[in-house]
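> 3D, please:
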Amino acid sequence: MQGLQCVGRSEREELPWLRRAVTRFLAITPAALTIYFAGDTGSYKLILLSQVILSLQLPFAVIPLVHLTNNRKRMGPFANGPWLKTGAWFCAAFILMLNIWLVQSQVSEWVEASGAYRTLVIAAASVVGLAFLLLLLTVTAWPWIHYAPISDRRVAVTLRQEPAPVFPSRTYGTVLVPLDHSDSDREALGNAVALAKMHDAKIILLHVEEGVTSQLFGALSSTAEINEGQDYLANCAQSLQEQGIRTQVVVRHGKSPAREIAAAARELQPDLVVMSSHGHRGLKDLIFGTTINAVRHRVNVPLLIVRGQDSHV
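Take a look at the predicted model:
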């Protein structure tokens, strides 16, 4: 027996394209509004301002990180060695000097362009600069001034035990098996028989006649091909009945097998539909079509797809 493949759709199926569209829209809209109202010059200044802000906050992140990775009590064997400590502090000092140079250059431009407000700009820049300097000194010296001891006590954490999920048990009373008079029917019937014996279910054998005569005359049509199909269904039904399985034979006539299978599923309301794949793909799908892919979008009952012996899924 070959492997089985279950096909279904989740009611809350995620839509990646919608998520990407929303996030891209939220990211692009502010930039588009800035360009529209302020022009290219405004967007350029906005980019510079954002980079300046990111640069100014960098020392406040690097210096605590250097303190943490140098602490052997907290990092244990993963603490920085002497050479790495020296390199880390050198990098932190270099970043700090670049930021000081950046601030000084920017404040100088503001002062030169301030005109009558020169004194006010100098005073405001001095107050803000002293505040940032005080904050930076606090961040730098705080681990040496106020060292937080590391507790050796183990912390007891109570984890709430989640109950094991309860999954509903399926019971199959009726199994619909579409047949197309091919070798793959054996795989579909084999799996349907196993389920029918397990659940004491009835198997409904469905065959769709799609010839021109069947499309024109429906159930009144009679050709050698239709008679051969009826004999094939009768033999399958007899084999199932000999195994003690309740069987029903349904023949539909139409142009599209997928449409007729979906219509039969809506009328008969089976608990499961079992179909077997033919194994062709790519160019052959374009030539011969793929009934399974069309059926699974039209039925609202569980669909079990069985890999045929020649299937390359």
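> neighbours around the closest residue to residue 299 other than its chain neighbours, how many?
The shortest distance from residue 299 to any non-neighbouring residue, by Cβ to Cβ, 6 or more residues apart in numbering, is to residue 265 (4.6 Å). Backbone N, C-alpha and C define where each C-beta goes, glycine included. Residue 265 has 21 neighbouring residues, counting by other Cβ atoms under 10 Å.
> got a list of what residue 265 touches?
176, 273, 298, 299, 300, 301 (Cβ atoms under 8 Å, 6 or more residues apart in numbering).
> and which of the residues you listed is nearest to residue 256?
Ranked by distance to residue 256 (Cβ to Cβ), the contacts of residue 265 are led by residue 298 at 10.2 Å.
> run through the stretch 1-150 of the chain and note the low-pLDDT ranges.
For the stretch 1-150 of the chain, applying pLDDT under 70 flags the ranges 1-15, 147-150.
> which stretches of it form strands?
Assigned by DSSP state E, counting those that start in this stretch, the stretch 1-150 of the chain shows strands spanning 4-7.
> could you pick out the longest helix of this protein?
helix 16-70 (DSSP state H).
> domain map for the chain?
Domain assignment of the chain by automatic domain parsing yields the ranges 25-145, 174-306.
> burial-wise, tell me which of the ones you listed comes out on top.
Stretch with highest mean neighbour count among those: domain 174-306 (a mean of 17; mean count of other Cβ atoms under 10 Å).
> can you give me the mean pLDDT across it?
Averaging pLDDT along domain 174-306 yields 82.
> which residues in the protein form helices?
Counting by DSSP H, the helices of the chain are 16-70, 72-75, 82-114, 118-145, 185-199, 212-217, 224-242, 257-268, 283-288, 291-296.
> how far is the longest one from where the chain is centred?
Mean-position distance between helix 16-70 and its chain equals 27 Å (Cα atoms, centre = their mean, to the nearest Å).
> try stretch 127-145
That offset, for stretch 127-145, works out to 45 Å (Cα atoms, centre = their mean).
> same deal with stretch 59-78?
37 Å.
> run through who's touching that stretch.
Residues contacting stretch 59-78 (Cβ under 8 Å, 6+ apart): 79-80, 85, 88-89, 91-92, 95-96, 99, 135-136, 139-140, 143, 150.
> pull out the CA atoms of it and give them to me as CSV.
Output in CSV follows, covering the C-alpha atoms of stretch 59-78 (Å, rounded to 0.1, in the frame of the first residue of the first chain):
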residue,chain,number,x,y,z
PRO,A,59,27.3,54.8,23.0
PHE,A,60,24.4,54.3,25.4
ALA,A,61,24.1,50.7,24.1
VAL,A,62,27.8,49.9,23.5
ILE,A,63,29.1,50.9,26.9
PRO,A,64,26.7,48.8,29.0
LEU,A,65,27.4,45.9,26.6
VAL,A,66,31.1,46.2,27.3
HIS,A,67,30.5,46.3,31.0
LEU,A,68,28.4,43.2,30.9
THR,A,69,30.7,41.1,28.7
ASN,A,70,33.7,42.1,30.8
ASN,A,71,32.1,40.9,34.1
ARG,A,72,33.5,37.5,34.8
LYS,A,73,31.0,36.9,37.7
ARG,A,74,28.1,37.3,35.3
MET,A,75,29.6,35.8,32.1
GLY,A,76,31.7,33.1,33.7
PRO,A,77,34.0,31.5,31.2
PHE,A,78,32.4,33.6,28.4
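> just to revisit the earlier point, the residue nearest to residue 299 and residue 301, how far apart?
From residue 265 across to residue 301, the span is 6 Å (Cβ to Cβ, to the nearest Å).
> joint contacts of the two?
Common neighbours of residue 265 and residue 301 (Cβ under 8 Å, 6+ apart) are residue 273.
> who's in contact with the closest residue to residue 304 other than its chain neighbours?
Sequence neighbours aside, residue 274 is the residue nearest to residue 304 in space, at 4.8 Å (criterion: Cβ to Cβ, 6+ apart). Applying Cβ under 8 Å, 6+ apart, we find residue 274 in contact with 175, 176, 177, 188, 191, 192, 195, 304, 306.
> so how far is residue 69 from residue 91?
Taking Cβ to Cβ, one finds residue 91 at 12 Å from residue 69.
> ah, wrong one, I meant residue 229
In terms of Cβ to Cβ, residue 229 sits 77 Å off from residue 69.
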